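Colleague: fold the following and give me the result.
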Amino acid sequence: MALMNGKGCVITGGAGSLGRASARALLAEGAKVLLVDQSQDALDDAADGLAGEVLTQAADVTKREDTEVYITKAVEAWGGIDLTFANAGVSGTNAPITEYPEDVFDGVIDVNIKGAFLALKYAIPHMRSGGSVIVTSSIMGVQARPNSVAYITSKHALVGMVRCVAREVAPQNIRVNILAPGPISNDFQQAIEDRMSNMMNVDATDMLNQMIPLGRHSEPDEVAKSVLFLASDMSSFSTGSVFMADGGFNA
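Modeller: Now for the predicted structure:
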């Protein structure tokens with residue numbers, strides 16, 4: 001039997017490269033997927049490249065009303081939820097704390113922390129026993145670098161959120177874990193590295209590759225394999241943990 005046979009999976013940030021790659025991996029194992037992102041056009045484009053039962057819902061993940069809409073859509077379609085993958089995120093900008101724009105800081109905190117909080121708050125009451133919650137943090141959720149205070153603060157906060165919620169919902173046989181990728185070869189990461197390159201006057205991509213023991217960025221499909229592991233019963237005794245997908249960056 002397929003690992004995710006008949007299971008209903010909600011993925012925020014679903015139009016991004018990791019969201020799409022994760023949906024592809026889950027669908028290949030028999031899952032049903034609801035992709036959530038801000039742009040319906042981007043969602044339509046993402047869904048066109050996927051095979052299987054795929055629903056979409058445009059939403060602002062920082063809004064309670066929008067969160068309730070996408071959760072209700074999943075529950076009405078499937079009767080319950082087996083996976084909540086809180087994957088939506090933004091990177092902010094690069095600047096020292098004394099120059100970091102307050103509005104950008106607020107926006108990063110809102111999307112990265114509140115967006116995950118709302119996803120968990122409204123999905124968990126509808127999750128089936130044996131279900132899995134995955135929250136995307138980052139290598140920067142366990143490390144730090146200068147000039148990225150909003151992003152790093154938000155990604156560290158998610159680790160605490162997951163540890164708290166994992167203890168709360170364990171009696172319901174629901175698992176909650178952090179996925180912490182290192183640099184992924186995608187547009188999101190490239191934008192970060194372009195800003196780093198300009199600020200530091202270095203090739204940030206090359207610099208990071210030299211810091212990663214495996215010597216390269218990951219591909220989205222490689223990180224999606226970790227999503228599949230955490231979503232499925234293969235990780236049935238894992239909860240409250242941080243799972244690295246970083247090529248040894250944090251070793």
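Colleague: can you pull out the helices in this structure?
Modeller: Assigned by DSSP state H, the chain shows helices spanning 17-28, 40-48, 64-78, 102-109, 115-123, 149-169, 187-200, 204-211, 220-231.
Colleague: I'd like the ones you listed laid out as JSON lines, including mean neighbour count and mean pLDDT.
Modeller: For the C-beta atoms, the positions are set from N, CA and C on the backbone; glycine is no exception. Formatted as JSON lines, those follow (neighbours: other CB atoms under 10 Å; pLDDT from 0 to 100):
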{"stretch": "helix 17-28", "mean neighbour count": "24", "mean pLDDT": "98"}
{"stretch": "helix 40-48", "mean neighbour count": "15", "mean pLDDT": "97"}
{"stretch": "helix 64-78", "mean neighbour count": "17", "mean pLDDT": "98"}
{"stretch": "helix 102-109", "mean neighbour count": "15", "mean pLDDT": "98"}
{"stretch": "helix 115-123", "mean neighbour count": "23", "mean pLDDT": "98"}
{"stretch": "helix 149-169", "mean neighbour count": "19", "mean pLDDT": "98"}
{"stretch": "helix 187-200", "mean neighbour count": "16", "mean pLDDT": "87"}
{"stretch": "helix 204-211", "mean neighbour count": "15", "mean pLDDT": "91"}
{"stretch": "helix 220-231", "mean neighbour count": "21", "mean pLDDT": "98"}
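Colleague: can you redo the ones you listed as JSON lines with distance to Lys7?
Modeller: Output for the helices of the chain, formatted as JSON lines (distance: least, CB to CB, whole Å):
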{"stretch": "helix 17-28", "distance to Lys7": "8"}
{"stretch": "helix 40-48", "distance to Lys7": "18"}
{"stretch": "helix 64-78", "distance to Lys7": "8"}
{"stretch": "helix 102-109", "distance to Lys7": "31"}
{"stretch": "helix 115-123", "distance to Lys7": "14"}
{"stretch": "helix 149-169", "distance to Lys7": "17"}
{"stretch": "helix 187-200", "distance to Lys7": "27"}
{"stretch": "helix 204-211", "distance to Lys7": "35"}
{"stretch": "helix 220-231", "distance to Lys7": "8"}
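Colleague: which residues does stretch 64-73 contact?
Modeller: 10, 12, 34, 36, 55, 57, 59-61, 81, 118-119, 121-123, 126 (CB atoms under 8 Å, 6 or more residues apart in numbering).
Colleague: now, among these, which is nearest to Ala251?
Modeller: Thr12 (29.3 Å; CB to CB).
Colleague: okay, and the beta partners of the closest one?
Modeller: When bridges are called by DSSP bridges, Thr12 pairs up with Val36.
Colleague: what's the burial count for it?
Modeller: Number of residues near Thr12 (other CB atoms under 10 Å) recorded here: 31.
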